[in-house]
Structures are given as C-alpha cells and as structure tokens.
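Engineer: Next comes the sequence, and after it the predicted model I'd like to discuss.
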Protein chains: 2
Amino acid sequence: MNYKVEKLKVNYKTLEEFKKFKEYGLQELSMLEDLEANIIENDSESPFYGIYFGDKLVARMSLYQIEARFDRYFEPAQDYLELWKLEVLPDYQNKGYGQALVEFAKGFGLPIKTNPRVKSKAFWGKMGFESVNYDMERDLGENPLVWFPAGVKEQTH
Amino acid sequence: MNYKVEKLKVNYKTLEEFKKFKEYGLQELSMLEDLEANIIENDSESPFYGIYFGDKLVARMSLYQIEARFDRYFEPAQDYLELWKLEVLPDYQNKGYGQALVEFAKGFGLPIKTNPRVKSKAFWGKMGFESVNYDMERDLGENPLVWFPAGVKEQTH
C-alpha cells in the first residue's frame, strides 16, 4: 500500500485526534496548554507525522533530530533521529500503516533510535531494527532499538 | 507496615525472580548474559532494590545517581536519582510495598526523577511527585515526574 505521510500541525483538531491514541501524555497536554495560552500559534509545526484515512488520523509517530554532539549510540557519532509514539489505531493495525511511517523515517538517511514501550520486537525486527548492547548509565530502564544506514555501526564505550 | 528494603545482588536466583515482573527487558537480559559470560561476578552490585516476602521477591525498583553536570531537571543543578522499574507483583499490590520503596529512595535526600510507564499518577501524587514543564528536546516521549527535597525547585530553560 502507498500511504501518504504528512507532517502534523498543532491545532485543536489534531490534538483532539491525539486523544484516541494510547500514548497520550505530557507531550500532548503541553501542546494543548501552549495553544490555549497562545504560547504557540494555531497550525505550528509539531514533531509528529501521521497518516489519514479520509479525514481521520489513524497512525502517527514523533520524530526529532538529535545533534551529533549528543550521540551516544552511533559510530561515527552523527545527527540521528529519535522516534517515539509510533502507534496505529486498533482498527487499522496490520495494514502497513506502521511500516509506512518507519519507511518514511528511514528516508531521511539518518540513523534512528527508538525505545518501544510495548511488546513489538517482531515488528521492529522486520523493519531492520536491532537491540543495542545495554549500557546502564546511558539506557537506564530503556530497551533501545536502532537502525543503521549503510556505513554506520554501533558506538562502543 | 515496616518493610525491609534490600540492595539486590546479581545472581541467578535474583535474575530468575526478575522474570516474574512485567518490566523485564534489555537491562535484565544484559545482566544475565554478563553473568553467564563471567563478565560480572556472581553477587555483583546491581542498581536494584527490593523487598522480600519470605524468600520471594515481591517488589523492586532500580535507582541510579545521575551526576550534577547532566542535571537538566533541578535548580540548583545537582546530583539526583533516576528511579525506574518500580513494580510490585500483582498479589502484593496495595499493601504499601511501592510506598516503602519510594520512601527508601527519598531517604537519600536527593531529588528524584522517574518516568512511569503505566497509569499510576494517583500513586505518584500521593508520594509527592509532580509533573515537570514538558521540554521536547529533553523529554521526547517521556512523562517525567519529579520529587523535590527541601530547597530544590524545577530548572527553567
């Protein structure tokens, strides 16, 4: 399937759609407060990307580019993408929406790190992500998975 | 209730007990591999603290002291504790085990940050923890909760 991935703008409609997703938390609440308090404008840029089915948001993820000087995962150290809140609404799962979002993220050509919250190892494996060697100081309670573009490998400490 | 909180040692018995907890992940697998490969010795120090009922581990948490130079949460910037994997086995919940572990952590007198995975806001509120002002670059997809000892407040950016 060929889904159209869109960068999501911060507005009341999008924030209302976000409430349908399980991983609704401080990030979404903060965006809502900032909008209500006019700290950010309507239709501001957000770190979210999504896929619509008709006018309904059915899948989303957040992407943020971490600067090379903070990179503790990749060799050579470089800018990389942190991916979080990848989620597809229950009725739309197993139809390729999650894969379309991950493929979109890979399209930037940067290494990707994610810290999946739910048991989804089979999905991430299929997407070419692998576990890092756990480093407590860096990873604490996380279970990081990473994707390496060509020429990139894991940083050793 | 007055529960005895113990620092847990890394050994096969403890790692077997860990399998009963939901938040079993890369951290535990890595400890097991290190033990099997003799990278760490039997009964090495671990970042885990726990409470036993008889000889059964029924509650645990992980604690790690973050150095002041990495502190992006507290004012003045200082060493603080990161707390994760606070979990009580289902049959032992609502008996004060979780509270005993959190009180133990507070006993170090340092600020505490945690990033709860499950819907447990009421519990953390009762423990005196509060939400931070969300900062995307710092918090990404996290929902950090913090506890301030006397004289400490939230860092502003």
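Structural biologist: Noted; the coordinates are in hand.
Engineer: Which stretches in chain A count as helices?
Structural biologist: Along chain A, counting by DSSP state H, helices occupy A:12-18, A:26-36, A:97-106, A:121-126, A:136-139.
Engineer: Please identify the deepest-packed of those.
Structural biologist: helix A:97-106 (a mean of 19; mean count of other Cβ atoms under 10 Å in any protein chain shown). (Each C-beta comes from the backbone N, C-alpha and C, glycine too.)
Engineer: Spell out which parts of chain A neighbour chain B.
Structural biologist: For chain A, the contact set with chain B under Cβ under 8 Å from any Cβ of the partner chain comprises A:23, A:25-27, A:29-30, A:47, A:62, A:64, A:82, A:84-85, A:115, A:117, A:131-134, A:136-137, A:139-144.
Engineer: picking that back up, include mean pLDDT and distance to B:Tyr12 when you put the helices of chain A into TSV, please.
Structural biologist: Output for the helices of chain A, formatted as TSV (pLDDT from 0 to 100; distance: least, Cβ to Cβ, whole Å):
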stretch	mean pLDDT	distance to B:Tyr12
helix A:12-18	96	44
helix A:26-36	94	38
helix A:97-106	98	37
helix A:121-126	94	24
helix A:136-139	93	19
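Engineer: List only buried entries from the residues of chain A next to chain B.
Structural biologist: A:23, A:25-27, A:30, A:47, A:62, A:82, A:84-85, A:115, A:117, A:131-132, A:134, A:139-144 (16 or more other Cβ atoms under 10 Å in any protein chain shown).
Engineer: Which of those fall within strands?
Structural biologist: A:47, A:62, A:82, A:84-85, A:131 (DSSP state E).
Engineer: Return the closest of these with respect to chain B.
Structural biologist: Nearest to chain B among these: A:Trp84, at 3.3 Å, using Cβ to the nearest Cβ.
Engineer: and the closest one, what is it in contact with?
Structural biologist: Applying Cβ atoms under 8 Å, 6 or more residues apart in numbering or on different chains to A:Trp84 gives the contacts A:61-62, A:114-115, B:140-141.
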